[in-house]
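Undergrad: A predicted structure for the sequence below; I have some questions about it.
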Amino acid sequence: MTDIALREKAKAYLQLCYRELNKEDLFEERWLKVQSSIDEKGTYELLDFELDYGTKVAWRNSNKCIGRLFWRSMEVFDKRALDSIDDIFDVLFEHIDFATNGGNIRSTITVFNAHKGIRIWNPQLLGFAGYRQEDGSIVGDPKHVEFTEECVKLGWEPKMGPFDILPLLVQIEGRKVQWREIPKEIIKLVPIEHPSIKAINDLKLKWYSTPIISNMTLEVGGIKFMAAPFNGWYMGTEIGARNLADEDRYNLLPLVAEKMGLNLHDKNSLWKDRALIELNQAVLYSFRKAGVKIIDHNSASKQFMQFMRQEEKEGRNVTANWSWIVPPVSGSTMEVFHTEMHDIIKSPNYFYQEDAWV
Ligand code: ARG
């Protein structure tokens, strides 16, 4: 980023931050300091409260996220001071454990130093391996085939199961990527069962409790934190209508429909739709039974509408990406479906990054 772009982003964010936190009287002095730091070093450090608030505004600005009503409540772990690889792994384990909280999931972000080239190679801290077989078929999560290959290249032993938790891969600039297995005790897996269609339980499906995205860049005031893993709790459809159902993921709808005794050859039987609903019910039921916090899509949509109204009341324009906000099942039954949205990208935000191994 050029100094000019950094300066502009820094100023815009600090103005917003100091205005929203009622610290306007402190702004001018702070802005002078930030400018001289950019003059001297080409960058600046965010103060603790500036970083803390920035992680939250970045969430508020995440156009694809339906869960933004809770943007103010995120635990922020500021780990900018760390630089040893062992400390980084320990802190990542702590994140998993703290965020999972025995099932009572807490929205959490851990922010690592922006200037040391720290990269987490995993797309999420928790994820299942995907193995390509000799006949071309895949065991496990097809989304992670490439990442799994990277793990194996580094010496991680493939286990060839459908739900093997992957190791963590972390790199510090200029050094070789390192891997560690995640301690079993801090991983919570939920067995998926259906409340009444017992045949679905034969499929022995599972999912993990906590979705912790670790391959996005947190940008606050023009500073880019490439290692800043964050999590919320799951909305059921992410698992039941996408991860387990998409044809290029676990592709389970034909198997579920078979277990339900549906006719897969009759298009008018709506077998896919019916299997989809039952699989989603199984996910919600199983997470509740396991004591793991999860939200159904109807409630999430209501909460998002509440977020939109609350933001408008506070004088802010809500930006959102309709195609991501509307849940992947029963769209038109929810108010979000009938709501116009504007997908304008603001900063602070969380941005995609390229796969670290490319
Ligand atoms: N859709 C992703 C997954 O299924 C997780 C994205 C973040 N989700 C969340 N509820 N915070 O793993």
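TA: Looks like it came in fine.
Undergrad: next, give phi and psi for the closest residue to residue 214 other than its chain neighbours.
TA: Leaving aside its sequence neighbours, residue 214 sits nearest to residue 229 (C-beta to C-beta, 6 or more residues apart in numbering; 3.9 Å). C-beta: built from backbone N, CA, C; applies to glycine. Backbone torsions of residue 229, given as degrees, to the nearest 10, read phi -70, psi 140.
Undergrad: from now on call the first residue 12
TA: Noted, 12 is the first residue going forward, which turns the last one into residue 240.
Undergrad: pLDDT at residue 240, what is it?
TA: On the pLDDT scale, residue 240 is placed at 99.
Undergrad: quick one: neighbours of it, just the number.
TA: Residues lying near residue 240 (other C-beta atoms under 10 Å) number 26.
Undergrad: and what of residue 40?
TA: 9.
Undergrad: mind checking the SS state of it?
TA: Here residue 40 is recorded as helix under DSSP: H, G, I helix; E, B strand; the rest coil.
Undergrad: how much space is there between it and the ligand?
TA: Distance, residue 40 to the ligand, using C-beta to the nearest ligand atom, to the nearest Å: 37 Å.
Undergrad: likewise for residue 156?
TA: From residue 156 to the ligand the distance is 16 Å (C-beta to the nearest ligand atom).
Undergrad: would that residue count as being in a helix?
TA: Yes: under three-state DSSP, residue 156 falls within a helix.
Undergrad: wait, isn't it in contact with residue 141?
TA: Yes: the criterion here is C-beta atoms under 8 Å, and residue 156 meets it with residue 141 at 4.1 Å.
Undergrad: how about the closest residue to the ligand within the stretch 262-369 of the chain: what's its closest non-neighbour residue?
TA: In the stretch 262-369 of the chain, no residue comes nearer to the ligand than residue 306, which is 8.2 Å away by C-beta to the nearest ligand atom. Counting by C-beta to C-beta, 6+ apart, residue 306 lies nearest to residue 246, which is 5.2 Å off, once chain neighbours are set aside.
Undergrad: now the common contact residues for residue 156 and residue 141.
TA: Counting by C-beta atoms under 8 Å, 6 or more residues apart in numbering, the residues touching both residue 156 and residue 141 are residue 149.
Undergrad: okay, now residue 15: neighbour count?
TA: Residue 15 is flanked by 9 other residues according to other C-beta under 10 Å.
Undergrad: whoops, residue 176 was the one
TA: Here the number of neighbours of residue 176 (other C-beta under 10 Å) works out to 18.
Undergrad: run through the bridge partners of it.
TA: Under DSSP bridges, the beta-bridge partners of residue 176 are residue 139.
Undergrad: which ones are touching it?
TA: Residues counted as contacts of residue 176 (C-beta under 8 Å, 6+ apart) are 137, 138, 139, 140, 193, 198, 200, 219.
Undergrad: now residue 142. Nearest residue, chain neighbours left out?
TA: Closest residue in space to residue 142, ignoring its immediate chain neighbours: residue 150 at 4.8 Å, by C-beta to C-beta, 6+ apart.
Undergrad: any idea which element the nearest residue to residue 346 once chain neighbours are set aside lies in?
TA: Setting aside the residues directly before and after it, residue 346 is nearest to residue 316 in space (C-beta to C-beta, 6+ apart), at 5.0 Å. Taking DSSP states H and E as the definition, one finds residue 316 inside helix 308-324.
Undergrad: using PDB, list the CA coordinates for that helix.
TA: Extracted as PDB, the C-alpha positions of helix 308-324 are listed here (Å, rounded to 0.1, in the frame of the first residue of the first chain):
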ATOM      1  CA  HIS A 308     -31.900 -19.800   9.600                       C
ATOM      2  CA  ASN A 309     -35.400 -18.400  10.500                       C
ATOM      3  CA  SER A 310     -34.100 -16.900  13.700                       C
ATOM      4  CA  ALA A 311     -30.900 -15.700  12.000                       C
ATOM      5  CA  SER A 312     -32.900 -13.900   9.300                       C
ATOM      6  CA  LYS A 313     -35.000 -12.200  12.000                       C
ATOM      7  CA  GLN A 314     -31.900 -11.100  13.800                       C
ATOM      8  CA  PHE A 315     -30.400  -9.700  10.600                       C
ATOM      9  CA  MET A 316     -33.500  -7.600  10.000                       C
ATOM     10  CA  GLN A 317     -33.200  -6.300  13.500                       C
ATOM     11  CA  PHE A 318     -29.500  -5.500  12.800                       C
ATOM     12  CA  MET A 319     -30.600  -3.500   9.600                       C
ATOM     13  CA  ARG A 320     -33.200  -1.500  11.500                       C
ATOM     14  CA  GLN A 321     -30.800  -0.900  14.400                       C
ATOM     15  CA  GLU A 322     -28.100   0.400  12.100                       C
ATOM     16  CA  GLU A 323     -30.500   2.600  10.200                       C
ATOM     17  CA  LYS A 324     -31.600   4.100  13.500                       C
END
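Undergrad: that helix: how far from the chain's middle?
TA: In this view, helix 308-324 has its centroid 19 Å away from the chain centroid, taken as C-alpha atoms, centre = their mean, to the nearest Å.
Undergrad: any buried residues in whichever helix or strand comes after that helix, and which?
TA: Of the helices and strands lying after helix 308-324 in sequence (DSSP H and E), the nearest is helix 333-336. Of the residues in helix 333-336, residue 336 count as buried by neighbour count, 16 or more other C-beta atoms under 10 Å.
Undergrad: ditto for stretch 272-292
TA: 273, 282, 283, 286, 287, 289, 290, 291, 292.
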